[in-house]
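Peer 1: pasting a predicted model and its sequence here:
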Amino acid sequence: MSKKLLREYYELCEGGVCQDLLTEDEKKFVANGGMILTGKLQEAEIQNGNGRVYPQKVLRREMQNYDKLVRERRALGELDHPDDSVINLKNASHLVTDVWWDGNSVMGKVKVLDTPSGNVLRSLVDSGVSLGISSRGLGSVSEGTNGTVTVQEDFQLICFDFVSEPSTPGAYMGLQEGVEKQIFTKADRINRALNYVLED
């Protein structure tokens, strides 16, 4: 099976912020003009709007790998989904600062950056535009007999982007020439391999 670019959409908390999720320091940051958005980033074991199901085991492994990027302050995302698997720094709009599980849901906090794309994101939120956050990753899918499409073990989470509306069902990009170029550092690949070995 060939890997495809998989993109999913989830709506943030009303107004972009779940106040009860912010720490006191984060509330001060927001009070001083900063912007932190919170909400659901992804969900396991439930068929999403694109008709895909992310198995708990696969999504937990990828979130464990992604948490390393969060801790290293490398978990950037873009405004809108590009058609490739590379995070373009010139288009970065936000930094994911925290992720955690709540049942089958992956929750998160996102700091809006003072970049051109970040300023557009801030302006949209300030104007009351309803935005969602959408995962972007590479992986293959398998269609079951009941029509359920399941994301396979080769899935690699790349990032979370902000989008205006959900992708249409089945709207994922085909594998492009060179799409599997260097996304992760050597240390990231070693960490991913160790996590894969240790989970069994």
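Peer 2: Right, received. Where do you want to start?

Peer 1: which residues does the longest strand belonging to the chain contact?
Peer 2: Scanning the chain for the longest strand, with DSSP state E as the assignment, gives strand 92-102. By CB atoms under 8 Å, 6 or more residues apart in numbering, the residues outside strand 92-102 that reach it are 36-37, 41, 60, 63, 66-67, 69-70, 73, 75-79, 106-113, 115, 117-118, 120-121, 159-160, 162. Using the backbone N, CA and C atoms, a C-beta is placed for each residue, glycine as well.

Peer 1: let's see the PyMOL selection covering just the buried ones among these.
Peer 2: To isolate the buried ones among the contacts of strand 92-102 in PyMOL, judged by 16 or more other CB atoms under 10 Å, type:
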select buried, resi 36+37+41+60+63+66+69+70+75+76+77+78+79+106+107+108+109+110+111+112+113+115+117+118+121+159+160+162
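
Peer 1: the residue most central in space within the chain: which element?
Peer 2: Nearest to the mean C-alpha position of the chain, counting by CA atoms, centre = their mean, stands Phe160 at 2.5 Å. Element membership of Phe160 [criterion: DSSP states H and E] is strand 156-163.

Peer 1: which stretches of this structure have low pLDDT?
Peer 2: Counting by pLDDT under 70, the chain has low-confidence residues at 1, 7-21, 165-200.

Peer 1: now the residue lying farthest from the centre of the chain: phi and psi?
Peer 2: Distance to the chain centre peaks in the chain at Thr145, reaching 28.5 Å (criterion: CA atoms, centre = their mean). Torsion angles at Thr145 (phi, psi; degrees, to the nearest 10) stand at phi -70, psi -30.
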